[in-house]
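Enquirer: sequence plus predicted model, see below.
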Amino acid sequence: MAGKVLLTVGLVFLVGRTSATEDFPDLTEEEARDMIEKVDQEPRLDGVEEKILKEERSFGTGWQQIDGGLKFVSVGQSGVWGVNSGDQIYYRTGTYQNEASPGTGWVRIDGALKQISSGNNIVWGVNSNDDIYIRLGISSSSPQGTGWRNIPGKLKQVHVSSTSNQVWGVNSGDAIFRRTGITAGNPAGTGWQNIGGLLKFVSVGRAGVWGVNSNDQIFYRTGTSGNEASAGTGWVQVSGGLKQITSGNGQVWGVNRNNQIYVRRGLSAGTPQGSSWQLIEGGLKEVYISSSSNQVLGCEHGATKIYRRLGQQTGTGTGWQQIDGGLKFVSVGQSGVWGVNSGDQIYYRTGTYQNEASPGTGWVRIDGALKQISSGNNIVWGVNSNDDIYIRLGISSSSPQGTGWRNIPGKLKQVHVSSTSNQVWGVNSGDAIFRRTGITAGNPAGTGWQNIGGLLKFVSVGRAGVWGVNSNDQIFYRTGTSGNEASAGTGWVQVSGGLNKSRQGMARSGVSTETTRSTYDAV
């Protein structure tokens, strides 16, 4: 398989192709060697081949069939949700805050919907009458939620981002709408904003807002890549033809009228529309990518089979860009880029709220003093020189700097919040490890602290799970937390290597693997 990929890439450069990469007919071993030899003699474009190969690998390695039959399937932080040909609703057990899991079975949910979309502790959907509904009460203790609430309006299709909970949809006349007033405390929003243009299907994710019209023409909404809370500034037509499209984190997938699957190449901050389409093996009637994890699921024509993409990843970047300013600690999340300098002064990077891919435009001094900081989703956590814990309140698209600080009981020398789930872990001056309990969409501050066995000097939580390092710079992973951030995990596994700090979804333990836990009002 690796040889075939290398050969395909080489042939693309050999014939000067700039359109979508295509598979070539099977070659004999002798023909393949001859072609590779010719390609090797061509001038090299330093770094380009490696970048393309990394991009191909990030699009997954194959498809895994999941039991059941659905006409539409969705994946997000609320897990995998879908509807069948009879508009019956199903939730996939074991997938809440665990999108990378295939799950263990299907649970029938009350109600009837023709299309559905999984967000962060919320699910949106529309029924056969184009009535709009949201699922309430979704949490780690109740992943199926507790009931449906009708939202005023009529839409034939709706989509919620599983990172920001921003919502877009289209009505029976293909008019486009986005939900206004969405906040962490009110993910249902307050109203609808009509967006110019006509689309039959629309999707919002970290890669921006994308849609297709009745002629299967593809459009990207300028100003929305990495900036989901924005209404954008206009529509740009993108080459190709798709009947359905879905926006993830640096990836856009879709299917055409022949049920062929495509993924957009070359997406970046500089080229948010991408550069070309790549054909993916297989055939699906509908495909859906989560913007929080890039997990991909889809349904086969006839609503008889469900598939999930294996080996999905978001990539590790291609280089470093220097940003003006000087900080001793910097953090990036959906609340944007925040940092502290050597004098414990706090700064926010303008232009980065819900726009993490942006380098921003400048630094704004924020009141208060912190020695370490962590950016979440409409919340920022930090600790000061006295190990007092604070959260930043009032963060929103209209007030990305927030409105004030609130003290959280307890003492921590370091704290980390996941920007996808708002789950929080931290360590105190004695390297004891704690996780915040009671965190919900309506109460991201949580209610108490749970002591986790082990000793770490730095801990981090993210979609890759909880990771950390101890005083000897030994690295540890918390079992049971990868793709399952709301979990306390089951134990610590030492990982080879040595790090001073472990970031972006990592947690820390000492040599202990004990899992004794207790809940405290304060650390």
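Expert: On my side now, so go ahead.
Enquirer: surely I379 touches S419?
Expert: No. Taking Cβ atoms under 8 Å as the definition, I379 is not a contact partner of S419, at 9.3 Å. (Each C-beta comes from the backbone N, C-alpha and C, glycine too.)
Enquirer: give me the common contacts of those two.
Expert: Common neighbours of I379 and S419, using Cβ atoms under 8 Å, 6 or more residues apart in numbering, are S335.
Enquirer: tell me where the model's unsure across the protein.
Expert: 1-57, 313-319, 500-523 (pLDDT under 70).
Enquirer: quick check, central residue of it?
Expert: What sits nearest the mean C-alpha location of the chain, by Cα atoms, centre = their mean, is S292, with 1.3 Å.
Enquirer: phi, psi for that one please.
Expert: Torsion angles at S292 (phi, psi; degrees, to the nearest 10) stand at phi -90, psi -20.
Enquirer: quick one: contacts for it?
Expert: G76, Q77, E99, N120, S162, T163, N249, T420, R463.
Enquirer: of those residues, closest to G333?
Expert: T420 (8.5 Å; Cβ to Cβ).
Enquirer: the closest one against R463, yeah?
Expert: Yes. In terms of Cβ under 8 Å, T420 counts as a neighbour of R463; the distance is 5.9 Å.
Enquirer: between these two, which contacts overlap?
Expert: S292, S293, E485.
Enquirer: and the strands in the stretch 1-150 of the chain?
Expert: Assigned by DSSP state E, counting those that start in this stretch, the stretch 1-150 of the chain shows strands spanning 59-66, 72-76, 79-83, 88-93, 105-112, 115-118, 123-126, 131-136, 147-154.
Enquirer: possible to save those strands as JSON lines with mean neighbour count?
Expert: Below are the strands of the stretch 1-150 of the chain laid out as JSON lines (neighbours: other Cβ atoms under 10 Å):
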{"stretch": "strand 59-66", "mean neighbour count": "16"}
{"stretch": "strand 72-76", "mean neighbour count": "29"}
{"stretch": "strand 79-83", "mean neighbour count": "28"}
{"stretch": "strand 88-93", "mean neighbour count": "22"}
{"stretch": "strand 105-112", "mean neighbour count": "14"}
{"stretch": "strand 115-118", "mean neighbour count": "28"}
{"stretch": "strand 123-126", "mean neighbour count": "27"}
{"stretch": "strand 131-136", "mean neighbour count": "21"}
{"stretch": "strand 147-154", "mean neighbour count": "14"}
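Enquirer: export those to TSV and tack on distance to G468?
Expert: Formatted as TSV, those follow (distance: least, Cβ to Cβ, whole Å):
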stretch	distance to G468
strand 59-66	29
strand 72-76	27
strand 79-83	26
strand 88-93	29
strand 105-112	33
strand 115-118	29
strand 123-126	32
strand 131-136	34
strand 147-154	38
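Enquirer: about what we covered before: closest one of the contacts of S292 to I389?
Expert: Distances from I389 to the contacts of S292, taken by Cβ to Cβ, are shortest for T420, at 20.8 Å.
Enquirer: helix/strand/coil for that closest one?
Expert: coil (DSSP: H, G, I helix; E, B strand; the rest coil).
Enquirer: now it: phi and psi?
Expert: Taking degrees, to the nearest 10 as the convention, T420 sits at phi -100, psi -50.
Enquirer: okay, now it: neighbour count?
Expert: Neighbours of T420 under the rule other Cβ atoms under 10 Å: 28.
Enquirer: walk me through the domains of the protein.
Expert: 2-40, 48-312, 329-520 (automatic domain parsing).
Enquirer: out of the strands of the stretch 1-150 of the chain, flag the one nearest N259.
Expert: Per Cβ to Cβ, nearest to N259 of these: strand 59-66, 13.2 Å.
Enquirer: which outside residues touch the closest one?
Expert: 92, 102-103, 251, 263, 278, 280-282, 296-297, 305-312.
Enquirer: in the sheet, who's paired with the closest residue to V73 other than its chain neighbours?
Expert: Using Cβ to Cβ, 6 or more residues apart in numbering and skipping residues adjacent in sequence, the residue nearest V73 is G82, 3.9 Å away. Beta-bridge pairing for G82 (DSSP bridges): V73, Y90.
Enquirer: residues contacting G82?
Expert: With Cβ under 8 Å, 6+ apart, G82 has these contacts: G68, L70, F72, V73, S74, I89, Y90, R92, I116, C299, I306.
Enquirer: please name the nearest non-neighbouring residue to the fifth one.
Expert: This means S74. Among residues not flanking S74 along the chain, S118 sits closest, at 4.4 Å (Cβ to Cβ, 6+ apart).
Enquirer: surely that neighbour touches V75?
Expert: Yes. Counting by Cβ under 8 Å, S118 does reach V75; the two are 5.9 Å apart.
Enquirer: shared neighbours of those two, anything?
Expert: W81, S162, S290.
Enquirer: need those residues in TSV (columns: distance to L242).
Expert: Shown next, in TSV, are the shared contacts of S118 and V75 (distance: Cβ to Cβ, whole Å):
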residue	distance to L242
W81	23
S162	21
S290	19
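Enquirer: now do the phi/psi pair for the spatially closest residue to the residue nearest to the centre of the chain that is not a sequence neighbour.
Expert: Closest residue to S292 in three dimensions, ignoring its sequence neighbours and counting by Cβ to Cβ, 6+ apart: S162, at 4.3 Å. Phi and psi for S162, reported as degrees, to the nearest 10, are phi -80, psi 0.
Enquirer: okay, now S162: neighbour count?
Expert: Neighbours of S162 (other Cβ under 10 Å): 31.
Enquirer: quick revisit: got the contact list for the residue nearest to S74?
Expert: Per Cβ under 8 Å, 6+ apart, neighbours of S118: S74, V75, G76, Q77, S78, G79, V80, W81, V160, S162, S290.
Enquirer: quick one, which of the strands of the stretch 1-150 of the chain gets closest to S203.
Expert: strand 115-118 (8.8 Å).
Enquirer: list the residues that contact the closest residue in space to T403 that isn't next to it in sequence.
Expert: Nearest in space to T403, with sequence neighbours left out and distances taken as Cβ to Cβ, 6+ apart, is G394 at 3.0 Å. Neighbour list for G394: G402, T403, G404 [criterion: Cβ under 8 Å, 6+ apart].
Enquirer: burial measure for the second one, as a count.
Expert: Meaning T403. For T403, the neighbour count with other Cβ under 10 Å is 10.
Enquirer: same deal with the last one?
Expert: Here the count is done by other Cβ under 10 Å, and G404 has 11 residues near it.
Enquirer: could you double-check that R149 lies in contact with I134?
Expert: Yes. Counting by Cβ under 8 Å, I134 is a contact partner of R149 at 5.3 Å.
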